[in-house]
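**Q** need a 3D model of the sequence below.
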Amino acid sequence: MSLLANGTADHARRRPAGPWVALFTVCALSLGSIAALDWDLSALLDAQSRSEAWGRLRNFMGAFGAPDLSAQRLRQGLSLSISTFSIALWGSGLGLVLGYFIALFASSAVWLGEPRRGPGLVARRAVLELARLLLDALRGVPDFAWALLILTMPGPGAVTGVLAIALGVAGILGKIFSELWDAIPPRRYEALRANGATRMQVFLYAIQPMSARSMLSFTLMRLECSVRNASVIGVVGGGGLGAQLFEEFNYGNYDGVVTLLLFLFALTASTDLGANFLRYQLRSDPRHPRVARDDDHRSAQRRRKLAAGACALVLAASAWAMAPDIARARLELGRIEWAFIREQLALLFDPPPGTRVWREAAASCAVPLAIGVLATLFGALGAALLSYPGSFAFQIDAPRFTGERLGAGVKALRAALLLGTRALTLVQRSIPEVAWLLIFAAFFRIGVLPGVLAVGVHSAGVLGRVFVETVDNLPYQPFEQTFQGSRASTFLYAAMPMAAREWASYAFLQFEANLRAGLVIGIVGIGGLGERFHTSVQSFNFPRAGVFLLTMVLLTTLIDRISRAFKLGAGSVR
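**A** Predicted structure coming up:
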């Protein structure tokens, strides 16, 4: 009896506490975030404010029934949409090149190679850390902050938007690429090393090919985000749809706002669907039941050439569309007194004396952090709920592992549920956070609550897609072994545990994106670090702005180090 009791006690002691620790941490962070924000609930609790809020919402929603479809407005929307896409495309392309180059020095597998002791190892590790810090700095400064700083040189327009997006994309893709390369087990290219291959040869013939599929998938995902970001940085002079959208909203021209929102949705949704189509061709498991098996090398080469030609054609067309902005930027650059610009930008690294502004910067981090935590939790829970009805494997392909025979009515019902769920997530992620903020602000007015809802709804759409893709990429054999007459129980007890780690990786990456979103929406009245940086730049108080800028970088660096420590970054994604 005592032996049994001791065995039970030992088993209890050995029971993993990880899930409970994670649950406690999430609850503590959520409660702390709720307490850190200044909530305005008058639109819900006060009768008069609630009546006014419903009136504003009726006016705004009524505009969807009568948008401004005049010829002038349609031409304006089309022109701004083309400009927004061109900014995103060129910004992503330049950022891809820059990020790839920096990632070569930020990856221990590529830059350090086989671990060896020697005098050169210390220097190599120093370069590695410097490259990672550079990526942290590029990623830590949001697109709108880069746009505000770059604005002083070429002036407002598409060129400012391209450069701002390129710097942000370089930091994000550089981090992802370096982690993907480091995540490849060394045993998979040990034979090359044993045969005397150099570090670069190992990279070109082993590491790069093994990670190419994931790199392309993340690049496509970043292009989609850049299209949304390009519509936002227009608010601070980056060109595109954003500036006009906010101008119409501030003047109360809801019919114009709705028209521009429709253009924005059409642009982002078409980009999303196009990238999604390409991503489905890159299914990570070649043994998956729905992977095409009649492919050959010649047809694959032909598709690559067609894709490269199409990309070159789109880039050329985008450059032609931005030609007037490029010409204006060249003219502005020719007029600049570069000594004055260098003097002003140098003030960013000359913080004011005393610790008051540093304490203010530290306190202002609470707003973007709290928004990031709450929005990520909201988005992850929403995405998890949508992953079952949105999964092709569990709605359409289920007979492959259940053996059931479906009637036409059941097939139609499941197809409708699948399409409806995916359409919902498409709408959620296609509308940028700032645009969602305007929609919720029609009822609540600009504030913390619509800010959290805006970022959370957008996150649910982004995570909903990748959560569904993770489930659909799983092999069906474990489902066959687990299935006991219920698709829902198979999803809960087989699919979700198998996808949990990858879901956590995506959620943590989305938290970083939501942190930057919290900084961005701060400039439109929510407060926090983003608003303080914006007001400092507008008042030309560059020493004060430099403190807030450095705080952004330090905050992102801290999050990145936590991500690497817990291995929840891109490197853990298959």
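**Q** now L163. Nearest residue, chain neighbours left out?
**A** Excluding the flanking residues, the one nearest L163 by CB to CB, 6 or more residues apart in numbering is I150, at 5.1 Å. In short, each C-beta sits where N, CA and C put it, glycine included.
**Q** list the buried residues of stretch 81-98.
**A** Using 16 or more other CB atoms under 10 Å as the test for burial, stretch 81-98 gives 81-96, 98.
**Q** oh, that last question was meant for stretch 340-359, not what I typed.
**A** Under 16+ other CB under 10 Å, the buried positions of stretch 340-359 are 347-348, 351, 357.
**Q** out of those residues, which one sits closest to L216?
**A** For the buried residues of stretch 340-359, the closest approach to L216 (CB to CB) belongs to L348, at 35.8 Å.
**Q** quick one: the helix or strand hosting I82 to chain centroid distance?
**A** Taking DSSP states H and E as the definition, I82 sits inside helix 71-106. Offset of helix 71-106 from its chain centre (CA atoms, centre = their mean, to the nearest Å): 15 Å.
**Q** offset the numbering so it begins at 39, please.
**A** Fine by me, first position is 39 from now on; the one you just mentioned is helix 109-144.
**Q** please work out the average pLDDT along the helix or strand following that helix.
**A** Sequence order places helix 157-178 as the next helix or strand after helix 109-144, per DSSP H and E. In this model, helix 157-178 carries a mean pLDDT of 83.
**Q** and the residue nearest the centre of the chain, what does it touch?
**A** Geometric centre of the chain, nearest residue: A551, 4.8 Å, by CA atoms, centre = their mean. Taking CB atoms under 8 Å, 6 or more residues apart in numbering, we find A551 in contact with 263, 497, 500.
**Q** now do L476
**A** Counting by CB under 8 Å, 6+ apart, L476 touches 283-284, 287, 295.
**Q** can I get the CA coordinates of the helix or strand in which it is found in CSV?
**A** For L476, the enclosing helix or strand under DSSP H and E is helix 471-482. In CSV, the C-alpha atoms belonging to helix 471-482 read as follows (Å, rounded to 0.1, in the frame of the first residue of the first chain):
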residue,chain,number,x,y,z
GLU,A,471,-5.9,47.8,-37.7
VAL,A,472,-6.2,51.5,-38.2
ALA,A,473,-9.2,51.0,-40.5
TRP,A,474,-10.8,48.7,-37.9
LEU,A,475,-10.1,51.5,-35.4
LEU,A,476,-12.1,53.9,-37.4
ILE,A,477,-15.0,51.5,-37.7
PHE,A,478,-15.2,50.9,-34.0
ALA,A,479,-14.6,54.5,-33.2
ALA,A,480,-17.8,55.3,-35.1
PHE,A,481,-19.5,53.9,-31.9
PHE,A,482,-17.0,54.3,-29.1
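**Q** wait, Q466 sits on L501?
**A** No. If you go by CB atoms under 8 Å, Q466 and L501 don't touch, sitting 9.6 Å apart.
**Q** one step back: ok, the residue nearest to the centre of the chain to M259 distance?
**A** According to CB to CB, to the nearest Å, A551 and M259 sit 10 Å apart.
**Q** now do V472
**A** Look at V472 and M259: by CB to CB, they are 19 Å apart.
**Q** and those two? which has more neighbours close in?
**A** Comparing V472 with M259 by neighbour count (other CB atoms under 10 Å), the higher total belongs to V472, at 27 against 21.
**Q** which of the helices or strands spans the closest residue to that one other than its chain neighbours?
**A** Closest residue to V472 apart from its sequence neighbours, by CB to CB, 6+ apart: V270 at 4.8 Å. Per DSSP H and E, V270 falls inside helix 246-270.
**Q** packing partners for that helix?
**A** Contacts defined by 3 or more CB pairs under 8 Å, 6 or more residues apart in numbering; DSSP states H and E place helix 246-270 against helix 109-144, helix 181-188, helix 196-221, helix 279-288, helix 292-318, helix 471-482.
**Q** looking at Q466 and L501, which is more packed in?
**A** L501 (27 against 23).
**Q** helix or strand: which one has that one?
**A** Applying DSSP H and E, one finds L501 within helix 486-510.
**Q** so, low pLDDT: which residues of the stretch 489-612 of the chain?
**A** Along the stretch 489-612 of the chain, segments meeting pLDDT under 70 span 519-523, 601-612.
**Q** try 80
**A** 514-524, 561-563, 594-595, 597-612 (pLDDT under 80).
**Q** of all the helices and strands packed on helix 246-270, which lies closest to V448?
**A** Distances from V448 to each of these were compared using CB to CB; the minimum, 24.7 Å, belongs to helix 292-318.
**Q** quick check: angle from that closest one to helix 279-288?
**A** On the basis of axes from the mean of the first three to the mean of the last three CA atoms, to 10 degrees, helix 292-318 is oriented at 150 degrees to helix 279-288.
**Q** for helix 292-318, which positions count as buried?
**A** Neighbour-count burial for helix 292-318 [16+ other CB under 10 Å]: 292-299, 301-303, 305-307, 309-310, 313-314, 317.
**Q** could you do stretch 244-255 as well?
**A** For stretch 244-255, the neighbour count (16+ other CB under 10 Å) marks 244-246, 248-249, 251-253, 255 as buried.
**Q** stretch 588-604 now?
**A** In stretch 588-604, counting by 16+ other CB under 10 Å, buried: 588-595, 597-598, 601.
**Q** list the buried ones in stretch 552-566?
**A** Buried, per 16+ other CB under 10 Å, within stretch 552-566: 552-562, 564-566.
**Q** which members of the residues you listed are positioned in helices?
**A** Counting by DSSP state H, the part of the buried residues of stretch 552-566 found in helices is 552-559.
**Q** quick one: A229 and G151, what's the gap?
**A** Plainly put, A229 is 15 Å away from G151 if you go by CB to CB.
**Q** chain center to stretch 483-490, what's the gap?
**A** Averaging C-alpha positions (CA atoms, centre = their mean) puts stretch 483-490 20 Å from its chain's average.
**Q** TSV for the buried residues of stretch 244-255, including pLDDT and distance to R380?
**A** Output for these, formatted as TSV (pLDDT from 0 to 100; distance: CB to CB, whole Å):
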residue	pLDDT	distance to R380
A244	83	44
I245	85	40
Q246	83	38
M248	84	44
S249	83	39
R251	78	43
S252	79	40
M253	84	36
S255	77	40
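**Q** JSON lines please, covering the residues you listed and showing distance to F98.
**A** Converted to JSON lines, these look like this (distance: CB to CB, whole Å):
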{"residue": "A244", "distance to F98": "55"}
{"residue": "I245", "distance to F98": "51"}
{"residue": "Q246", "distance to F98": "49"}
{"residue": "M248", "distance to F98": "50"}
{"residue": "S249", "distance to F98": "46"}
{"residue": "R251", "distance to F98": "43"}
{"residue": "S252", "distance to F98": "41"}
{"residue": "M253", "distance to F98": "41"}
{"residue": "S255", "distance to F98": "37"}
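**Q** quick one on the thing from earlier: lowest average pLDDT across the helices and strands packed on helix 246-270?
**A** helix 279-288 (a mean of 76).
**Q** so how far is it off the chain centroid?
**A** Distance of helix 279-288 from its chain centroid, counting by CA atoms, centre = their mean, is 23 Å.
**Q** just curious, which of the buried residues of stretch 552-566 is nearest to L211?
**A** Among those, and counting by CB to CB, the member closest to L211 is R554, at 14.5 Å.
**Q** that closest one reaches P180, doesn't it?
**A** Yes. Under the criterion of CB under 8 Å, R554 makes contact with P180 at 4.6 Å.
**Q** distance of L107 relative to E507?
**A** According to CB to CB, L107 and E507 sit 36 Å apart.
**Q** more neighbours, those two?
**A** Comparing L107 with E507 by neighbour count (other CB under 10 Å), the higher total belongs to E507, at 22 against 12.
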